[in-house]
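**Q** Need coordinates for the below:
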Amino acid sequence: NPAKTIIIESLDIITITVPPALPAAMTAGIVYAQRRLKQLGIFCISPQRINICGQINLVCFDKTGTLTEDGLDLWGVQRVESGRFHLSEESAHKENLVKSQFVACMATCHSLTKIEGQLSGDPLDLKMFEATGWILEEATEEETALHNRIMPTVVRPPKQLLPSQPDVSADQDMELAELSSLYEIGIVRQFPFSSALQRMSVVSRTLGQKCMDAYMKGAPEVVASLCKTETVPEDFSEVLERYTKQGFRVIAVAHRRLGSKLNWHKVQNINRDNIEANMEFLGLIIMQNKLKAETPGVLQDLRRANIRTVMVTGDNMLTAISVARDCGMIPPEDTVIIADALPPHDGQTAKISWRYADKPSRKTQLEEINISLEDEDRVEEPTTQEMYHFAMNGKSFSIIAEHFPDMLQKLVLHGTVFARMAPDQKTLLIETLQGVDYFVGMCGDGANDCGALKRAHGGISLSELEASVASPFTSRTPNISCVPNLIREGRAALITSFCVFKFMALYSIIQYISVILLYSIFSNLGDFQFLFIDIAIILLIVFTMSLNPAWKELVSRRPPSGLISGPLLFSVLTQILICLGFQTITFLWVKRQPWYEVWTPDTDVCSQFGHLNVSDLNDTEVDEHNIQNFENTSLFYVSSFQYLIVAIVFSKGKPFRQPSYKNYPFVLSAVSLYFFLLFIMFYPVEGIDHFLEIVCVPFEWRIRLFLIIVVNAAVSVLVETFILDIVLRKLVFSRDKQANYGVTPAAPTPQGATDLQANKCLSWLCPRRMMAKARYMHLAQELSVDPDWPPKPTTTTEAKPRPENSSAYEIIIPS
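**A** Model (predicted):
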């Protein structure tokens, strides 16, 4: 039935053009990448994110515990009495301070507990408590069982810290004297630290006292706002700014004596807002947070690779700016502009005031500095003009997001420091950066980073606690050196996926071309020929070509972002044309040979050359499917080598993967297959020829087939390596040079002029590539010609009433 035959043969072609092994082949590369990440101490719970990490061009970092050490060292304290600061003191471990409210706050306002006899809890709390030298005692299970309510945790100073008692005469009650000398504080209730509130507090009771006390610690600005105005020193802002500019982490403490009517039961049910009000400001605890040794080097590597780095922290802004400068995130010569936003009030619209971080906050001392933006249009020849960075706190970020949505996108283009950020604000920042087409990575270690870690394209946690549950990646190495490792492996995995896809596409097309050519003479590839190609060649090659490790360095180029891109399409289409051309030449050339005739079981064109003949097959029946013929044998040899040629051509190495010759399983597989195919082509083996349904051809034709294969390989390598990689790369990857927004440009190289000429000469091949694709590129190009950007420090930006779904603002320059 001709119709049935046509349908079956058509379906056969469809199965050839859509390789069923493609999903498994693509997955293999990701599995290998996941295994390599595990060897680097990076564990992955979302493998599909690995490829996305290869596109990351911006990384957000938490500060404490990520860029800086987990542990904080107590640098000193600065107490307040009668609304004035004392001189700073190195330690609170003194006899004259042991019964002060300041030390009592340090000893009680924490969330520490004992686990197997060891104090455990937040590192900051631990350092602060250890600085007091006090002892913490928790009730045992037996003691708790004897009472209807839970016994409180008790803290007390060691006896040697207590003031010495006068000598007790013999007639005094020794037991009463000992009791009177005891000084211990029970923690009645704890209001845990909240990232949103930026504070914590406790209610405690001192032994022998009728009234309870409330102690609070937290962000200095927040604590001061909850204290009585007369207890906060007038120079509070100046003292705080002095410490934060030096990179110290500052914690404020406060105290309040509660009323005698507030008993234990009422304390358990009272709202924390009723406790955390009308406090008395006690002073500042200054903590020193050192950079991790690996931080500056890693940030420099990321900067060299044109990957932007951003700090997102819950700490004070000036502290964050100081750390950003120390670690190299903000170069010394760059300027930092702080955006202070105020919400609408008293009929006035929201406004943003601009000031420089390195100047005092008084406007009279601000200097207007002309900041020039690099010419983003001349992306091929970047200049080393002065860069600027925006910094803002979480409150200002929320106001700008609500009232200046268009302004927010411009700010994040050069925003480098985001301080006092709550967890939901960190997540909103990640979403805003993604909204301008950045591929965002996030690195953090705390529970307040969970939302951002989950929302980012590639979130990596340095902690195995809460953050690791939400984060796709968790690093066993507790420093940011895992970030470039993750990006390198992501790039290698992404390039591997492209290589495998291209190889599988060429595999199906090569086989499709062979079948179509053979269909023209009512022939086809044999079943065992299909089997040999699919199993021995394709599966072996595709699962070993994915084993190339990542390149050892993080380069400034990024791999293509999708399959529909100039280099991939050009590569695939040119190789298809090359394979089509050489198979067609083989198919037509074999028919023009003087010995050529339509093959039958009686045909013997090899006996005159002394090679194996097929006379032993003369008794076989005529092949109904016409598999055995000279065209089939010739195309089988050429196409088999073509699979190996495109595998080697597509298996790219530098700059994203190690060279293929270091992939020993792939090299061994390819060499073995080359050797086997050459062997069966030049030294026919009866059993193999019979199994693969190959017919004998003259030796001179085998030599010509070998020449066809060699020329095919040379042309494929020439087109893929020289034309694509050397010439077209200048056009295709120009977006990476355009993507240098927010990153200080490197010094121009001599190669830059050559790249520019190549782009001009070949722009007709890819005209749209000269246009910026990403949203942040368009914004940078717009801002480069905006005379009012960046805002000057003596200006204020006010929101204007705007139509729905639009944004407007105006810049006011004070007279």
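**Q** what's near enough to touch the closest residue to residue 224 other than its chain neighbours?
**A** Leaving aside its chain neighbours, residue 224 sits nearest to residue 232 (5.1 Å; criterion: Cβ to Cβ, 6 or more residues apart in numbering). C-beta coordinates here come from the backbone N, C-alpha and C atoms, glycine included. Shown in contact with residue 232 (Cβ atoms under 8 Å, 6 or more residues apart in numbering): 80, 83, 224, 281.
**Q** now residue 232: how far from residue 84?
**A** Per Cβ to Cβ, to the nearest Å, residue 232 is found 10 Å from residue 84.
**Q** quick one on the thing from earlier: among the contacts of residue 232, which are in helices?
**A** Using DSSP state H, the subset of those located in helices is residue 224.
**Q** Need the worst-confidence member of the contacts of residue 232.
**A** Comparing pLDDT over the contacts of residue 232, the lowest score belongs to residue 83 (84).
**Q** Now for this structure, the helix or strand with the poorest mean pLDDT.
**A** helix 751-761 (a mean of 39; mean pLDDT, DSSP states H and E).
**Q** burial count for residue 564?
**A** The tally of other residues near residue 564 (other Cβ atoms under 10 Å) stands at 8.
**Q** Specify the local secondary structure of it.
**A** Following DSSP: H, G, I helix; E, B strand; the rest coil, we place residue 564 in the coil state.
**Q** any chance you could map the helices in the stretch 1-150 of the chain?
**A** In the stretch 1-150 of the chain, the helices defined using DSSP state H, counting those that start in this stretch lie at 2-17, 22-39, 49-53, 101-108, 123-132, 141-145.
**Q** for the ones you listed, which one ends up most surrounded?
**A** Compared across the helices of the stretch 1-150 of the chain, helix 101-108 shows the largest average neighbour count, a mean of 25 (mean count of other Cβ atoms under 10 Å).
**Q** and that helix, C-alpha only, in PDB?
**A** The C-alpha atoms that make up helix 101-108 are tabulated as PDB, following Å, rounded to 0.1, in the frame of the first residue of the first chain:
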ATOM      1  CA  GLN A 101      22.000  49.900  84.500                       C
ATOM      2  CA  PHE A 102      24.300  50.000  81.500                       C
ATOM      3  CA  VAL A 103      26.000  46.700  82.400                       C
ATOM      4  CA  ALA A 104      22.700  45.200  83.500                       C
ATOM      5  CA  CYS A 105      21.300  45.800  80.000                       C
ATOM      6  CA  MET A 106      24.400  44.200  78.400                       C
ATOM      7  CA  ALA A 107      23.900  41.200  80.700                       C
ATOM      8  CA  THR A 108      20.200  40.700  80.300                       C
END
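**Q** pLDDT on it, on average?
**A** Mean predicted confidence for helix 101-108 is 88.
**Q** Please apply the same query to stretch 294-308.
**A** Here stretch 294-308 scores 92 as its mean pLDDT.
**Q** what do you get for stretch 586-599?
**A** On average, the pLDDT along stretch 586-599 is 85.
**Q** Could I get the buried residue list for that stretch?
**A** 586-587, 590, 593, 596, 599 (16 or more other Cβ atoms under 10 Å).
**Q** what does that stretch contact?
**A** By Cβ under 8 Å, 6+ apart, the residues outside stretch 586-599 that reach it are 517, 603, 605, 628-631, 634-635, 638, 695, 698, 701, 704-705, 708.
**Q** rerun at 10 Å
**A** 513-514, 517-518, 520-521, 523, 603, 605-606, 608-609, 614, 623, 626, 628-635, 637-639, 695-698, 700-701, 704-705, 708-709, 712 (Cβ atoms under 10 Å, 6 or more residues apart in numbering).
**Q** what distance separates that stretch from the middle of the whole chain?
**A** Centroid displacement of stretch 586-599 relative to its chain, using Cα atoms, centre = their mean, to the nearest Å, is 58 Å.
**Q** Same question for stretch 342-362.
**A** How far stretch 342-362 lies from its chain's middle: 33 Å, per Cα atoms, centre = their mean.
**Q** Next, count neighbours for residue 221.
**A** 18.
**Q** where does it land in three-state SS?
**A** Recorded secondary structure, residue 221: helix (three-state DSSP).
**Q** Hmm, it is touching residue 241, no?
**A** No - under the criterion of Cβ atoms under 10 Å, residue 221 is not in contact with residue 241, lying 11.1 Å apart.
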